[in-house]
Every structure is written in C-alpha cells, then in structure tokens.
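Student: Got a sequence here, can you model it:
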Amino acid sequence: MKVADVMRTNVVTVTAATPLRKINELLHRFNLSYIVIVEEGLVKGIITYADLFRQVLPSYDEFMRDESYWLNSETTEQRASDLVNKPVSEVMSRSVITVPPDMEAIRAGALMTAKKVKQLPVVKDGQLVGVVSFTDITWGFLMRPLFG
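Tutor: This next block holds a predicted model:
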C-alpha cells in the first residue's frame, strides 16, 4: 500500500502571513489538528494545534517560576491576546519532513514514529498533493482486508 492510497488530498493551507487568530479559527471550523503553510505551491511549514496550545499556555517551568500564572488568570489571557495578530511564520515548524506519494505507507508510518510527528505533507514534483497521518495509515491497513 502506497501513501497515495491513504493520504488526504483536501488539505487546508495558508500563507506564512496568516495571523494566529485565523489559524485557530480554521483549526476549529474544520476540526483539524494541523494546517500546512504553503507559498507558491511549496511547503514552507506546518502548525499543529499543540503548537498553538504551547504559545497560549505557559510551560510547566514558566508556571512554576512565575506566581502570576497561579494568582491571576489574566496573565494567560493577556498572553493569548498578544498572539492573535502574530503571523503563523513566527510560530510554525519550518523543518517539515515530506514524503512522496509513491512511498510505502508502512515506511511513512515508521518515519512518523522515528521523528515523533503525527502527519507528513505529501509532495510530488515539489508541490503539495496531500497529507498522510497515523490515522490514515492505520485506517488503510485495518480496513483493507474488509474491502480488499
């Protein structure tokens, strides 16, 4: 089974200038866990819901060091309001691992496990053609015998 057999081709993409408020809106509206950042058809980055979460909420170390997080929820609210107009380019992961559509799905899954990522943009001739996730690969392998 190839990546092309299980990848999603209806991928939500944005440009690097898209504000984080819009990213959050798209993640919620389409029930997504990631959005791919594309410029002129080329993958420039990816942002996940976890990336956004880490920007809004303090890390455990920050929380333990700064008592204002304990005593005043407005500190976190201010932190979030400071982010809304920040462009996604300031937060996105730029070192994106991509795979070709003709790669074996099992190999793509192993790559995701090794690199500790949950999805991989699929690129053909330098252009984004889809995204494959753990869920897509698992679905492909587990459903295949039923319909195969």
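Student: Now do the longest helix anywhere in the chain, average pLDDT.
Tutor: If each helix of the chain is counted by residues according to DSSP state H, the longest one is helix 134-147. Rounded to a whole number, the mean pLDDT of helix 134-147 is 78.
Student: All the strands of the protein, residue numbers only.
Tutor: Remark: strands assigned in the chain by DSSP state E are 13-14, 34-39, 42-48, 119-124, 127-133.
Student: any chance of those strands in a markdown table, with distance to Ser93 too?
Tutor: C-beta: built from backbone N, CA, C; applies to glycine. Supplementary listing: those in a markdown table, determined by distance: least, CB to CB, whole Å:
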| stretch | distance to Ser93 |
| --- | --- |
| strand 13-14 | 14 |
| strand 34-39 | 9 |
| strand 42-48 | 5 |
| strand 119-124 | 11 |
| strand 127-133 | 14 |
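Student: any idea how far Ile35 is from Leu20?
Tutor: Here Ile35 is placed at a distance of 11 Å from Leu20 (CB to CB, to the nearest Å).
Student: higher neighbour count, the two?
Tutor: When neighbours are counted by other CB atoms under 10 Å, Ile35 and Leu20 differ, and Ile35 comes out ahead with 27 against 22.
Student: The more buried one contacts Leu26, doesn't it?
Tutor: Yes. Taking CB atoms under 8 Å as the contact criterion, Ile35 and Leu26 are neighbours in contact, 6.0 Å apart.
Student: what do these two both touch?
Tutor: Overlap of the contact sets of Ile35 and Leu26 (by CB atoms under 8 Å, 6 or more residues apart in numbering) consists of Val12, Val14.
Student: Which one, of the strands of the chain, ends up nearest to Gly140?
Tutor: With distances scored as CB to CB, the stretch of the strands of the chain nearest to Gly140 is strand 127-133 (9.1 Å).
Student: Could you list every helix and strand that that closest one packs against?
Tutor: Packing partners of strand 127-133 (3 or more CB pairs under 8 Å, 6 or more residues apart in numbering; DSSP states H and E): helix 3-6, strand 34-39, strand 42-48, strand 119-124.
Student: which stretches of the protein have low pLDDT?
Tutor: Regions of the chain meeting the criterion pLDDT under 70 cover residues 57-60, 62-64, 66-81, 144-148.
Student: List the residues that contact Met112.
Tutor: In this structure, Met112 makes contact with Lys118, Gln119, Leu120, Phe134, judged by CB under 8 Å, 6+ apart.
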